[in-house]
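Visitor: model the following, please.
(one chain, ligands or ions: 1)
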Amino acid sequence: MSNVFNFSAGPAMMPKAVLEQAQRELLNWQEQQTSVMEVSHRGKLFMELITQADKDFRELYHIPDNYKILFLQGGARGQFAALPMNLANNKGKALYLTSGHWSSTAAKEARLFTDVEEVNILKDGKLETGNLDFSDVAEQYDYVHYCPNETISGVEIFDVPNVGDAVLVADMSSNILSREIDVNQFGVIYAGAQKNLGPAGITIVIVREDLIGNARKETPSIWNYEVQSKSDSMINTPPTFAWYLCSLVFKHLLATGGVTAMAKRNREKAALLYAYLDQSDFYQNNVAKNNRSLMNVTFTTGDDELNAKFVAEATAAGLQALKGHKVLGGMRASIYNAMPIEGVQALIAFMQKFEAENK
Ligand SMILES: *Cc1c(COP(=O)(O)O)cnc(C)c1O
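Guide: Sure, this is the predicted structure:
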């Protein structure tokens, strides 16, 4: 098939140029006559790779010098546990703003380690609290956690919660590098790589320096931000190939206009798809307009059988992985950074055809 587009929610598609470069370099990386995955992570060339990756990621996301960037394992879920182990040791209490599956799952895991209070900030896909002002209560907590993009329901929170001087923590697994943010507003940002950064197996944690060094003493070394920070995220053997692929993605993004240009493309892609959904009375998207995700677009025909038919025929037409998450049903088109606008156009053309045939 000539035109296949992969709408998988994660692991998700990667930039073709990056995969081609990795392919070219696979057997002979840096003139070593060996691949990058066969060299020492402490060797000169690999250390140069991670130094450059740090620099490129900093440049892309405008990360100030007083933040460390850790490249860890264990996925976002590992961080669900690492956060309370590292941060919840002064007041012993954390506030979790919940808006769907991932933020709730993060709260549940944190409860294994600390007292957690939860506030549901969404109702029917809409922001409950409007301006997200928690500045008067946030001081009672070691940190406030939220998830700016709920991958399963396709709900994105564009306003950053106001937590005053408290520490704000964000799970950006499915929207990191998708649009510009002000890193200074956050204490910790973390993301599994497999949606917008690279392959599965590596997790990026951006952590403000003053938050490092307060881990409870029984924290395993691999989860301890101080230990990992002091050992270049290499207290154990890191996932070197995944790190390498992320470094190529960073270079690719820098070469294609950085996050500003990417955000513009992402807004265009999402606007196209939502505009089509809004004019159709065959498909519905149930998320409030202000909270529609730029990355994960959910839709349904309202009929389970018709949804299944849609997914089967779309797959046959080269539009892959459109089945919605099992907790929600329906369809989901994940249109991360690597999805070209042509993929969205092909999806809309298919949706039009399917609508005409099945109305
Ligand atoms: C995918 C996802 C996770 C889980 O990531 P793992 O790396 O598999 O642990 C957590 N949070 C969000 C927002 C996600 O999209």
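Visitor: need the residues of this protein near the ligand, please.
Guide: 10, 75-77, 102, 147, 151, 171, 173-174, 192 (CB under 6 Å from any ligand atom). C-beta coordinates here come from the backbone N, C-alpha and C atoms, glycine included.
Visitor: rerun at 8 Å
Guide: Proximity of the chain to the ligand is confined to 9-10, 74-80, 102-103, 105-106, 147, 149-152, 171-174, 191-195, 200, 203 under the rule CB under 8 Å from any ligand atom.
Visitor: can you select the buried ones from those residues in PyMOL?
Guide: A single PyMOL command is used to select the members of those judged buried by 16 or more other CB atoms under 10 Å:
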select buried, resi 9+10+74+75+76+77+78+79+80+102+103+105+106+147+149+150+151+152+171+172+173+174+191+192+193+194+195+203
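Visitor: look up how far residue 162 lies from the residue of the stretch 251-359 of the chain found nearest the ligand.
Guide: Closest contact between the stretch 251-359 of the chain and the ligand, by CB to the nearest ligand atom, is at residue 296 (8.3 Å). Note on residue 296: its distance to residue 162, by CB to CB, to the nearest Å, is 25 Å.
Visitor: of these two, who's got more company?
Guide: Neighbour count, other CB atoms under 10 Å: between residue 296 and residue 162, residue 296 has more, with 29 against 16.
Visitor: the more buried one contacts residue 149, correct?
Guide: Yes. Counting by CB atoms under 8 Å, residue 296 does reach residue 149; the two are 7.1 Å apart.
Visitor: partners of the helix or strand bottoming out on mean pLDDT in the chain, with directions?
Guide: When each helix and strand of the chain is scored by mean pLDDT, DSSP states H and E, strand 126-127 comes last, with a mean of 78. In the sheet, strand 126-127 lines up against strand 122-123 (antiparallel) (DSSP bridges).
Visitor: show me the contacts for residue 50.
Guide: Residue 50 makes contact with 71, 232-233, 243, 247, according to CB atoms under 8 Å, 6 or more residues apart in numbering.
Visitor: rerun at 10 Å
Guide: Applying CB atoms under 10 Å, 6 or more residues apart in numbering to residue 50 gives the contacts 41, 69, 71, 232-234, 238, 240, 243-244, 246-247.
Visitor: if we can go back for a sec, overlap in contacts of residue 296 and residue 149?
Guide: Shared contacts of residue 296 and residue 149 (CB under 10 Å, 6+ apart): 155-156, 174-175, 195.
Visitor: need the next SSE after the strand or helix carrying residue 315, C-terminal direction.
Guide: Using DSSP states H and E, residue 315 sits within helix 304-316. The C-terminal neighbour of helix 304-316 among helices and strands, as given by DSSP H and E, is strand 319-320.
Visitor: hmm, back to that, closest to residue 288 among the shared contacts of residue 296 and residue 149?
Guide: Distance to residue 288, by CB to CB, is smallest for residue 155 among the shared contacts of residue 296 and residue 149, at 8.2 Å.
Visitor: quickly list what the residue of the stretch 251-359 of the chain closest to the ligand is bridged to.
Guide: Beta-bridge partners of residue 296, counted by DSSP bridges, are residue 334.
Visitor: I'd say it and residue 322 touch.
Guide: No. Assessed by CB atoms under 10 Å, residue 296 is found out of contact with residue 322, at 11.4 Å.
Visitor: which residues do these two both contact?
Guide: Common neighbours of residue 296 and residue 322, using CB under 10 Å, 6+ apart, are 7, 9, 332-334.
Visitor: make a markdown table out of those residues and add pLDDT.
Guide: As requested, these are arranged in a markdown table below (pLDDT from 0 to 100):
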| residue | pLDDT |
| --- | --- |
| 7 | 98 |
| 9 | 97 |
| 332 | 98 |
| 333 | 98 |
| 334 | 98 |
